[in-house]
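A.B. asks: Sequence and predicted model, in that order:
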Amino acid sequence: MLKNIQEWILLLSIFGILILLGNWLNYEIVPLSAIPGMIVLIGIALLGLVIQKMLPINLPTVAYVAIIGILISMPWMPGSERIVEWTSQIELLATTTPILAYAGISIGRSWADFAKLGWRTIIVASFVLLGTFLGSALIAEIILRVQGII
């Protein structure tokens, strides 16, 4: 378990650094002001990973992380105002970029397994990705026009 925790800390620290960098470059939030929020988010994720491994209940790690995050940010929880203040310095999109990149790398390592499913699967997956992208772009275009932003 200790080896897992060390690996998780290393991985979460790498993600944290990348998130702080993306937060700084894209949203001009100075990393020094965002570090406390990043430490809180890393702590929540680490605690969720540990709890998921220790409890016999078979729930996904994301459920434990979400429950912990919700509980510590509730207004009746001591220190919740400070936690909300710190984590508000981290933009959501800055967190998704490194995580999605990691997911893409993980999927990319198993392209051979994916290719074994056959050429039809690759075509269907390509159309699904294209449809999702175009659908999202169309919805965004409509909403932005209705709001008068573009």
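C.D. replies: Cool, got the structure.
A.B. asks: So for the residue nearest the centre of the chain, what's the pLDDT?
C.D. replies: Most central in the chain under C-alpha atoms, centre = their mean is Thr96, positioned 4.5 Å from the mean C-alpha point. Predicted confidence (pLDDT) for Thr96: 85.
A.B. asks: Same check on the one 3 residues further on?
C.D. replies: Note on Ile99: pLDDT of 82.
A.B. asks: What residue, apart from its backbone neighbours, is nearest it spatially?
C.D. replies: Spatial nearest neighbour of Ile99, chain neighbours left out: Phe15 (6.8 Å); criterion: C-beta to C-beta, 6 or more residues apart in numbering. Every C-beta, even on glycine, is put in place using the N, C-alpha and C of the backbone.
A.B. asks: Can you give me the buried ones in the helix or strand harbouring the one you found?
C.D. replies: For Phe15, the element it lies in under DSSP states H and E is helix 2-27. Buried residues in helix 2-27, counted by 16 or more other C-beta atoms under 10 Å: Trp8, Leu12, Phe15, Gly16, Leu18, Ile19, Leu20, Gly22, Asn23, Trp24.
A.B. asks: by contact count, what packs against the helix of greatest length in the chain?
C.D. replies: Ordering each helix of the chain by length in residues (DSSP state H) puts helix 119-146 first. When contacts are defined as 3 or more C-beta pairs under 8 Å, 6 or more residues apart in numbering; DSSP states H and E, helix 119-146 sits against helix 111-116.
A.B. asks: What average pLDDT does the helix it packs on get?
C.D. replies: Across helix 111-116, pLDDT averages out at 68.
A.B. asks: now do stretch 51-65
C.D. replies: Over the span of stretch 51-65, the pLDDT mean works out to 92.
A.B. asks: ditto for stretch 123-138
C.D. replies: Averaging pLDDT along stretch 123-138 gives 86.
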